[in-house]
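[1] just need the structure, nothing else, for what follows:
(2 chains)
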2 protein chains.
Amino acid sequence: MQPSVQLITLGVSDLDEARRFYVDGLGWPSVLDVPGEVVFIQLGPGQLLSLFSAAAMDADLGRPGATAAGFTPFTLAQVVATEDDVRAALDAASAAGATIVKPPQYASFGGFHGYFADPSGFLWEVATNSGWHVADDGTVDLRPIEPT
Amino acid sequence: MQPSVQLITLGVSDLDEARRFYVDGLGWPSVLDVPGEVVFIQLGPGQLLSLFSAAAMDADLGRPGATAAGFTPFTLAQVVATEDDVRAALDAASAAGATIVKPPQYASFGGFHGYFADPSGFLWEVATNSGWHVADDGTVDLRPIEPT
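    Residues are numbered from 1 along each chain as shown, chains lettered A, B, ... in the order given. This next block holds a predicted model:
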């Protein structure tokens, strides 16, 4: 598993409020905005900040109600090329002492992914995403993909 | 305030355990390791993952005991050039609806910094750091600086 982060995802209780702050207030450019679901903002070369409903994040993690119970609605994510890359990353993390939170499987957004928690409990997602493209200047072109 | 993140800091209860996972286990390269205090790992061009004692993070934030009380020991940080850049970023964040958690001031690590919380409570630090240098290939050269 190589060191990199393509997505920093903040789970928010109020997506409109979060958009008002980052996009309208700070003027940060949204790359993809799906009202009521998610806002992606270009942070740096090949890297996005993702504002995501905390409840949707918990559902995706298979731990409904976790944020309300005090868990942190926050993940770091790697976008990798193949399903085998997802499996290999989770195997490497597990061998290093991580807890597998969601074994590799097809995701509702249309990719293939899994989650692990590091020994402190911080969550990492590793995913394929056929809608993820990065231009030579680092600009991310992210398009919704059809769920499988 | 421009969109960027130079440091993703995870507050951990056991720094040795966190180092064993990321550095020894996953094989990610540490850029600067101060045993008992902090480990910095190169994540991407001009960007580091920082493993920091959650208690030390809380002390730096001026909220001792916060992690134990359920707050998230996690920050995103921007490294900026000047003290005026720190002030301008916190002013912009405040104007956009952020809560100033720590007004701009000299930091124990030797730089000048401040913290704000976005409307969801996620913490951002904006700091100068004279020990922060990035090579043309994105490799971060981070050296301890003398506290002022």
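[2] distance of the most far-flung residue of chain A relative to its centre from chain B?
    If you look at how far each residue of chain A sits from its centre, by Cα atoms, centre = their mean, the farthest one is A:G25, at 23.0 Å. A:G25 is 3 Å from chain B, where distance means Cβ to the nearest Cβ, to the nearest Å. Just so you know, the C-beta spots here come from the backbone N, C-alpha and C atoms, and that holds for glycine as well.
[3] ditto for A:F116
    10 Å.
[4] quick one, strands of chain A?
    Assigned by DSSP state E, chain A shows strands spanning A:7-12, A:30-34, A:38-44, A:47-53, A:74-79, A:99-106, A:112-117, A:123-127, A:132-134, A:140-142.
[5] can those strands go into CSV with extra columns for mean pLDDT?
    Output for the strands of chain A, formatted as CSV (pLDDT from 0 to 100):
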stretch, mean pLDDT
strand A:7-12, 95
strand A:30-34, 94
strand A:38-44, 95
strand A:47-53, 95
strand A:74-79, 95
strand A:99-106, 96
strand A:112-117, 96
strand A:123-127, 96
strand A:132-134, 95
strand A:140-142, 94
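[6] need those strands in a markdown table with mean neighbour count, can you?
    A markdown table is the format used below for the strands of chain A (neighbours: other Cβ atoms under 10 Å in any protein chain shown):
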| stretch | mean neighbour count |
| --- | --- |
| strand A:7-12 | 23 |
| strand A:30-34 | 15 |
| strand A:38-44 | 21 |
| strand A:47-53 | 23 |
| strand A:74-79 | 21 |
| strand A:99-106 | 15 |
| strand A:112-117 | 22 |
| strand A:123-127 | 24 |
| strand A:132-134 | 15 |
| strand A:140-142 | 17 |
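[7] pull the contacting residues for the nearest residue to the residue farthest from the centre of chain A once chain neighbours are set aside.
    For A:G25, ignoring the flanking residues on the chain, the nearest one in space by Cβ to Cβ, 6 or more residues apart in numbering or on different chains is B:A96 at 2.6 Å. Shown in contact with B:A96 (Cβ atoms under 8 Å, 6 or more residues apart in numbering or on different chains): A:R20, A:F21, A:Y22, A:D24, A:G25, A:L26.
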